[in-house]
Each structure stands twice: as structure tokens, then as C-alpha cells.
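1. with the sequence up front, the predicted model follows.
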Amino acid sequence: MLAILDYGAGNQTSVRRALEYLGIPCAVTADAAAAQRADGIVFPGVGAAGQAMTALRNTGLDKVLRQAADRGQPILGICLGCQILLERSEENEARTLGVAPGLCRRFADDMLQEDGSPAPVPHMGWNSVRVQQPNPLLRGIDVAAEFYFVHSYYVVPAPELVIATTVYGREFCSVYGCDGLWAVQFHPEKSGKPGLTLLNNFFVRCREKNHAQ
Amino acid sequence: MLSKRVIVCLDVRNGRLTKGIRFAGNKDIGDPVTSARRYYEEGADEIVFYDITASAEARGIFLDVVERVAEQIFIPFSVGGGISSVSQMRDVLLAGAEKVSVNSAAVKNPAIIGEGAAAFGSQAIVVGMDVLAVPKSEDIPSGYEIVIHGGRKRTGHDALTWAKQCQRLGAGELCVNSIDADGTRDGYELTLTKAIAEAVSIPVIASGGAGEPRHMLEVVTGGGASAALVASIVHYGQYSIRSCKEYMAERGAKMRLTW
């Protein structure tokens, strides 16, 4: 079972629907004990870092995430979730969870795309990813697959954690992680079959990890 | 680099498509959920549903359609038609839509744009604009006027001024529909699309006039649009989404071709 953390994030229902479509048992929950029992934690997010951190502290889910990381319970951060797993964000100058080393920066306002056209912020739409190191999370996904992005800030995790990058005005990290902790800047729940494959890969990895223990 | 998007438009009345859709070799499909699913599988980058229902009762049926779509398709989709309050926006977003589109209601009450953006973020708010070419005048210096109620009522607003105002108020995207080009299948209104795309920094979706893939290519290259909205060109089995996207990609537009 996967726990989708409920702290009022806008995309939690979409994530639940995608997992249900895949036949993956899941529950949207704010209950710490339920989250701790799950095979893995999906940490969705839409909105601003500062508000999200306040909501996480108020629900105690910040502790759940830190403990999960300490215990090696698998976590998948999505979009804002991906950003606030790192140590801090330029958005509201927020100190974030610090579960993974790195920080989150805002895109510059005057960026250009590769063809010279403006690259306005937010970065919104379908874009490609360049795989920097193979990872089970991306297993079975065509290298030409694209994913759906909506964000104004980008993550800068420790270099060894970078799994894939994307280019929009600049090259930035779009997937990072290590075994047990993954984060994606795009929305796998809105990225068609490649996104569903990624969610399924996460679940498979959670199950393998759970059975190995 | 972002891919240019192909957005399929479906008109819904009382929970059914207003016109049946013919996929290659199939008879008409009237169920919006089935059709949306087919377009999703064919590679549509986004889908927009326009609710042209009048009664409050049929609104409930429409929300049910939105929920069933959200359970089956995993790309962004937006919902428009008759949305005039933040609570109506909330209903469709909670039902699973990624974005809402406001049109006449925004002209009558521009504050709705900012209220929606504050509540759900700019990325969730699309402003649809119906535009008519008119003689240039003091009030309409661009020669393009905003019209409402499906083009029946002129508003006296210049389209370029309105586009900039929408951006300032918090719109995340503009869907620019040319009343003159709509239904002609002679191509999008490139001059209008380009003028608006240059006046704002938010993405512009071109609507009205697509008759062949070449038109879609033109509007995302020369027309400056981020996305091409299509309806009849794909609804009657003439072109598949994939064939349109491949045509555009072969001629240099960045398109999403793997799904």
C-alpha cells in the first residue's frame, strides 16, 4: 500500500486516481501511523514552499517524512514535494525538510529557449528529460518520452543525486534521488503512459524493498 | 525546450458530445469520456471540454463527466463554458480538471481572473477570448474587437488591450479564438494570433480555422502560438492527432511524439 500524504496539496486526488488506475492500493492520509505502515510514501505538492511547510508542520507530516527517510522507507516527491525534500528554497526564503542535500532556486525572468524564443516563467507544458544515470524509477520509459511540468522554481540537489535533467532556458535537474528516496519535478500523474510507468516503477521498488526486509 | 501542444476541443451538452465523433472506421461516438480517452491514446497533449449546457441540473451531469474523464485520462485537461464564479472553478478543479477557462464572464467581471488566480494559481486560469476583425478606430486601434455570447455581442474592447489586461490580472494562458476564421477550415487567423502572442508573455492557444496540419504548423511557428486548438479536423476521421503532430515535427516544430 502507498500512502499519499494529505496536507491539502492540490494534486493529491490526481495522484490517487493515477495509482488506482494502475491497480496500486493507496490511501490519501494525514495519519502518521498509517503513513509509517505503508510500503512507500508519495509526497505530492502544488503551491508555495512556505505555506506547504506550515501545513506539514501543523499536521506533523514533516516528522513522518524525516523519519521515513531515516528508516529507508521509500519516498517519491512530486513537483513541490520534490522541491521541499531539499534543505531550503528561495521561495519565501523557506527552510525546507532537508531530507536530501540541496536547494531550490527561482528561474530567471529573462531566459530564452533553444530557438531564441522567450522562456517565460512558469515553465508549463511538455518537455523532455535527459537521463544522466540509469535508475529503476525510469525503467521501461522511452528516452524520447516527455513529461508535463508546471513550476517556477527548480531544484539543485547534490550532483551525485541527479538522475535526469531538462532544458528550459537553462538545464536543470528534473529527477533526483538514490535508492529509497526519489523526486520528480514534473507531474507523473499528468504525463500519460510514461508517467504511469514511473509511478508503477516506484511501487514495484517499494514492494521489493519491503519483501527484502 | 517545451513542445508545441495540440489541444483537442470537445463540446458537451447534457453530458453528451454535441456532435458525434467518427474515429477511423467507427461509427459516431457521443460519449465525451470515450472520445477523450481515444484522443488521449492518440497523443493529444491536452483536452478542453466546453460545457454548453444551460440548466443547473445538467451542470451536475457535466461535473460527473469531468470526474469520469479524470479517472481515465492522465494528461492535463481544462473545462470551460458558463464558469462565472470562484466556487464554480473550484467544482471543476476538484472534479479533476487541471485548468478552467473563463470567457464572457471575465469580460463582464474581470476581477474573476484575479480571484481565480489567487485561489488556484495562474497556471489554472485560462482566459478564452472570442475576437472579431473590425475597422480600426480610436476605441479599437488594433482592428480586433472582443465579442461575447458566441460572437453575437460586441463589447467595445480592443483585443490587444484586453489580452494585456488579462495577463496583468493573473491569467496563466490565453485562448484566442477568431470568429472570422472559426468554421472556415482555411487556417488560423495568423495576424491576430501573432499580435497577441507578441503583446503578452503568457502562452497563447490559437483557436478557429484549422483545416489541415499545415495550418497547425503555421500558427505555432509564424503565428507565435504555444498550442493549436483543434476540433473538426480530428473529429471526423480526416486526420489523426498523430499524423498532425508528425507533420509538424517533420517540418521543425518540437512536438511530443512518444506517449
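-> Looks like it came in fine.
2. next helix or strand past whichever helix in chain B runs longest?
-> Counting residues, the longest helix found in chain B (DSSP state H) is helix B:56-72. Next in sequence after helix B:56-72, counting helices and strands by DSSP states H and E, comes strand B:77-80.
3. give the buried residues for whatever helix or strand comes next after that following strand.
-> Per DSSP H and E, the first helix or strand lying C-terminal to strand B:77-80 is helix B:86-94. Using 16 or more other CB atoms under 10 Å in any protein chain shown as the burial criterion, the residues of helix B:86-94 that qualify are B:88, B:89, B:91, B:92, B:93. (Glycine included, C-beta is placed from N, CA and C.)
4. any residue of helix B:86-94 touching chain A?
-> Yes. Using CB under 8 Å from any CB of the partner chain, helix B:86-94 comes into contact with chain A via B:93, B:94.
5. show me what from chain A comes close to chain B.
-> Contact residues (CB under 8 Å from any CB) of chain A with chain B: A:10, A:13-14, A:17-18, A:20-21, A:46-47, A:113-115, A:118-120, A:122-128, A:142, A:144-146, A:148, A:150, A:167-168, A:189-196.
6. recalculate using a threshold of 7 Å.
-> By the rule CB under 7 Å from any CB of the partner chain, the part of chain A lying against chain B is A:13-14, A:17-18, A:21, A:113-115, A:118, A:120, A:122, A:124-127, A:142, A:144-146, A:148, A:150, A:167-168, A:189-190, A:192-193, A:195-196.
7. can you give me the buried ones in the lengthiest helix in chain A?
-> For chain A, the longest helix by residue count, based on DSSP H, is helix A:192-212. Under the neighbour-count criterion of 16+ other CB under 10 Å, helix A:192-212 has A:192-203, A:205-206, A:209 buried.
8. and which of these is nearest to chain B?
-> For the buried residues of helix A:192-212, the closest approach to chain B (CB to the nearest CB) belongs to residue A:192, at 4.7 Å.
9. for the nearest residue to the closest one once chain neighbours are set aside, give me the pLDDT.
-> With sequence-adjacent residues excluded and distances taken as CB to CB, 6 or more residues apart in numbering or on different chains, residue A:192 is closest to residue B:259, at 4.7 Å. Per-residue pLDDT puts residue B:259 at 91.
10. tell me the secondary structure for the residue of chain A positioned farthest from its centre?
-> Here chain A reaches farthest from its C-alpha mean at residue A:116, the gap being 29.4 Å by CA atoms, centre = their mean. Under the three-state scheme (DSSP: H, G, I helix; E, B strand; the rest coil), residue A:116 adopts coil.
11. one step back: could I get the buried residues of helix B:86-94 in a markdown table, plus columns for distance to residue A:79 and pLDDT?
-> Output for the buried residues of helix B:86-94, formatted as a markdown table (distance: CB to CB, whole Å; pLDDT from 0 to 100):
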| residue | distance to residue A:79 | pLDDT |
| --- | --- | --- |
| B:88 | 25 | 94 |
| B:89 | 20 | 95 |
| B:91 | 23 | 92 |
| B:92 | 20 | 93 |
| B:93 | 16 | 92 |
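12. show me which residues of the stretch 151-259 of chain B are close to chain A?
-> When proximity is defined as CB under 7 Å from any CB, the stretch 151-259 of chain B approaches chain A at B:201, B:202, B:203, B:256, B:257, B:258, B:259.
13. return the member of the residues you listed nearest to residue B:64.
-> For those, the closest approach to residue B:64 (CB to CB) belongs to residue B:259, at 26.6 Å.
14. in the stretch 101-250 of chain B, what residue comes closest to chain A?
-> Closest point on the stretch 101-250 of chain B to chain A, by CB to the nearest CB, is residue B:201, at 4.5 Å.
15. OK, contacts around that residue?
-> The contact partners of residue B:201, by CB atoms under 7 Å, 6 or more residues apart in numbering or on different chains, come to A:118, A:120.
16. and with 8 Å instead?
-> By CB atoms under 8 Å, 6 or more residues apart in numbering or on different chains, the contact set of residue B:201 is A:118, A:120, B:167.
17. now the residue in chain B sticking out farthest from the centre, what's its secondary structure?
-> Most distant residue from the mean C-alpha position of chain B: residue B:138, 29.5 Å away (CA atoms, centre = their mean). For residue B:138, the assignment made with three-state DSSP gives coil.
18. cool, and residue B:186?
-> Three-state call for residue B:186 (three-state DSSP): coil.
19. where does chain A dip in pLDDT?
-> Confidence mapping of chain A against pLDDT under 70 gives the ranges A:213.
20. picking that back up, quick check: the farthest pair among the buried residues of helix B:86-94?
-> The widest separation within the buried residues of helix B:86-94 (CB to CB) is 9.7 Å, between B:88 and B:93.
21. one step back: mark which of the contacts of residue B:201 are buried, thanks.
-> Applying 16+ other CB under 10 Å to the contacts of residue B:201 flags A:120, B:167 as buried.
22. ok, so of the contacts of residue B:201, who is nearest residue A:37?
-> Comparing the contacts of residue B:201 against residue A:37 with CB to CB places residue A:120 closest, at 43.4 Å.
23. so how far is residue A:122 from the residue nearest to the closest one when sequence neighbours are not counted?
-> Spatially, and ignoring its direct neighbours in sequence, residue A:120 is nearest to residue B:201 (4.5 Å; CB to CB, 6+ apart). Counting by CB to CB, to the nearest Å, the separation of residue B:201 from residue A:122 is 11 Å.
24. repeat for residue B:193
-> For residue B:193 relative to residue A:122 (CB to CB), the value is 22 Å.
25. what mean pLDDT does stretch B:61-73 get?
-> 95.
26. got the contact list for that stretch?
-> With CB under 8 Å, 6+ apart as the test, stretch B:61-73 has contacts from A:13-14, A:17, A:20-21, B:12, B:14-15, B:32-33, B:36-37, B:40, B:47, B:49, B:51, B:53, B:77, B:79, B:91-92, B:95-97.
27. so of these, which ones are in helices?
-> Those of the contacts of stretch B:61-73 mapping onto helices are A:13, A:14, A:17, A:20, A:21, B:32, B:33, B:36, B:37, B:40, B:91, B:92, per DSSP H.
28. quick one: which of those has the most company?
-> Of all those, residue B:92 has the most neighbours under the rule other CB atoms under 10 Å in any protein chain shown, reaching 27 neighbours.
29. so that one versus residue B:48, what's the distance?
-> According to CB to CB, residue B:92 stands 12 Å off from residue B:48.
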